[in-house]
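**Student:** Coordinates for the following, if possible.
(one chain, ligands or ions: 1)
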Amino acid sequence: MIVLDNINVVFKQKGRKLNAVENASLSIAKGEIFGIVGPSGAGKSTLVRVINLLQPPASGNVIVGGQNITRFKGAELRKVRLRIGMIFQHFNLISGATVYHNIAFALKANNCPKEKIHTRVTELLAQVNLSDKAQVYPANLSGGQKQRVAIARALANDPEILLCDEATSALDLENTEEIIRILRRINRENPITIVFITHEMDVAKKLFDRIAVMAEGKIVETGDTYQVFTEPQHPMTRSLVERVLNIEVPENLVTGPDEVLLKITYTGERAYDPVISRVSKDFDVLVDILHGKIEYIHGKPLGILLIKLSGTPEETAKAKAYIAGQVFKIEELAAHGHGGASR
Ligand SMILES: Nc1ncnc2c1ncn2[C@@H]1O[C@H](COP(=O)(O)OP(=O)(O)OP(=O)(O)O)[C@@H](O)[C@H]1O
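**Tutor:** So this is what the prediction gives:
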């Protein structure tokens, strides 16, 4: 559906050249919810704006629906842009127009016949759960409601692609969840391709089918969401993921000389049960479960458990080796901190 082939974007800042996007290549399938994550300044917005040529690339090719649009201009470009809706962090609604007219405006701009406008606006308002707000002005809406109007407006002309630039970053948790639900439903009901950029990994783990990670203008990693979260390859990906999969070591916890603190990651919901009981039974160690949680990554459970093993160094080493063979990942942590060796 979307192919970005070796894209470069160069900006001039105070007489110096800045490579905002460097040799970026991506292939996004029809109907996919594709996420681009990375820290501020990584080049995410610039790359996503290349897709609808709001930002023309210095070199490389942009292919949308099999068509190379890189050099499109004027009427040709306007036609392509109608197939690509976009929403932004700060909504960009017309403040002097009601919710109804904000959406109707997009239809009029595309010469939608007058008699069809009312039906279509009503349909779109229902899709974003705002049927009761048609006559309200943007100033009287919450952030989440404003973003839902922006979604309805972006979908008005039935685009094949929806670009979302930090669409939930100005919203609280509840409104973010609602936007995620709406986008997932829209994507399920008609297979629109969604490209969503965010620095919020909590959004990424719930919404995206696949992820690309950007750092300093480059795409450093791509993969299925679950795979990127569970087996991050690049240091930038690891640091982004670590924030979501972090587990707090209790502040007042002190480990003695014959005690080790282990963070265990396992796939599935209850997989640790038999492992922990076997460790207590088969090895001469005491096991304390200090903390546990389950994260859902793209709907699949990933368990994280903090345990303390007490025993002689020999028995502890044997128990650790056994656990390592049974679970997805095991890391030794320091009390009052994180990190340590992983294997
Ligand atoms: N129009 C512009 N002119 C000059 N430099 C720009 C322009 N737009 C972006 N940049 C620079 O390009 C780099 C990438 O910016 P971009 O906005 O794409 O990053 P980002 O990953 O989306 O970050 P953020 O999440 O903070 O928006 C930054 O260093 C930014 O300062």
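**Student:** Doesn't residue 75 belong to a helix?
**Tutor:** Yes - counting by DSSP: H, G, I helix; E, B strand; the rest coil, residue 75 falls inside a helix.
**Student:** next structured bit after the lowest-mean-pLDDT helix or strand in the chain?
**Tutor:** None of the helices or strands of the chain scores lower by mean pLDDT, DSSP states H and E than helix 272-282, at a mean of 83. As assigned by DSSP states H and E, the chain's next helix or strand after helix 272-282 is strand 286-297.
**Student:** In its sheet, which strands sit next to the helix or strand following that next one, and in what direction?
**Tutor:** With elements assigned by DSSP H and E, the helix or strand that comes after strand 286-297 is strand 300-310. As defined by DSSP bridges, the strand partners of strand 300-310 come to strand 259-267 (antiparallel), strand 286-297 (antiparallel).
**Student:** ok, and what's touching the next helix or strand after strand 300-310?
**Tutor:** As assigned by DSSP H and E, the chain's next helix or strand after strand 300-310 is helix 313-326. Residues outside helix 313-326 that contact it (Cβ atoms under 8 Å, 6 or more residues apart in numbering): 258, 260, 262, 264, 275, 278-279, 282-285, 309-311, 330, 332, 343. Backbone N, C-alpha and C define where each C-beta goes, glycine included.
**Student:** Stretch 219-228: end-to-end distance?
**Tutor:** 13 Å (Cα to Cα, to the nearest Å).
**Student:** Could you check it against the ligand for contacts?
**Tutor:** No - interface with the ligand: stretch 219-228 contributes nothing (Cβ under 6 Å from any ligand atom), its closest point being 11.7 Å away.
**Student:** which residues are contacting that stretch?
**Tutor:** Here stretch 219-228 has contacts from 24-26, 35, 204-205, 208-214, 232-234, 236-237, 241, 297-298, 300, 302, using Cβ under 8 Å, 6+ apart.
**Student:** what separates stretch 121-134 from the chain centre, distance-wise?
**Tutor:** Averaging C-alpha positions (Cα atoms, centre = their mean, to the nearest Å) puts stretch 121-134 26 Å from its chain's average.
**Student:** Buried residues, it. List them.
**Tutor:** Residues of stretch 121-134 classed as buried: 121, 124-125, 127-130, 133 (neighbour count, 16 or more other Cβ atoms under 10 Å).
**Student:** what subset of these is also close to the ligand?
**Tutor:** Counting by Cβ under 6 Å from any ligand atom, nothing from the buried residues of stretch 121-134 sits close to the ligand.
**Student:** Which of the contacts of stretch 219-228 fall within strands?
**Tutor:** Among the contacts of stretch 219-228, the members found in strands (DSSP state E) are 24-26, 35, 210-214, 297, 300, 302.
**Student:** quick check, nearest of these to residue 246?
**Tutor:** Among the ones in strands among the contacts of stretch 219-228, residue 302 lies closest to residue 246 (Cβ to Cβ), at 12.7 Å.
**Student:** Kindly indicate whether residue 41 is helix, strand or coil.
**Tutor:** Secondary structure for residue 41, judged by three-state DSSP, is coil.
**Student:** those strands in the stretch 1-150 of the chain, which residues are they?
**Tutor:** For the stretch 1-150 of the chain, applying DSSP state E, counting those that start in this stretch gives strands covering 2-13, 16-28, 33-37, 59-64, 67-68, 84-88.
**Student:** now, of those strands, which is deepest in the fold?
**Tutor:** strand 33-37 (a mean of 25; mean count of other Cβ atoms under 10 Å).
**Student:** What pairs with that one, parallel or antiparallel?
**Tutor:** strand 193-198 (parallel), strand 210-215 (parallel).
**Student:** Can I get the buried residues of stretch 121-134 in a markdown table including pLDDT?
**Tutor:** Shown next, in a markdown table, are those (pLDDT from 0 to 100):
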| residue | pLDDT |
| --- | --- |
| 121 | 96 |
| 124 | 96 |
| 125 | 96 |
| 127 | 93 |
| 128 | 95 |
| 129 | 93 |
| 130 | 96 |
| 133 | 96 |
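**Student:** Go through the residues you listed and say which is closest to the ligand.
**Tutor:** Within the buried residues of stretch 121-134, the smallest distance to the ligand is 24.7 Å, found for residue 128 (Cβ to the nearest ligand atom).
**Student:** Distance check, the closest one against residue 140.
**Tutor:** 16 Å (Cβ to Cβ, to the nearest Å).
**Student:** got it, and residue 169?
**Tutor:** Going from residue 169 to residue 140 by Cβ to Cβ gives 22 Å.
**Student:** cool, residue 42 as well?
**Tutor:** 35 Å.
**Student:** Find the centremost residue of this protein, please.
**Tutor:** The centroid of the chain falls nearest to residue 204 when counting by Cα atoms, centre = their mean (2.2 Å).
**Student:** tell me the contacts of residue 198?
**Tutor:** 35-37, 166-169, 204.
**Student:** Closest one to the ligand out of these, please.
**Tutor:** Of those, the one sitting nearest to the ligand (Cβ to the nearest ligand atom) turns out to be residue 166, at 6.2 Å.
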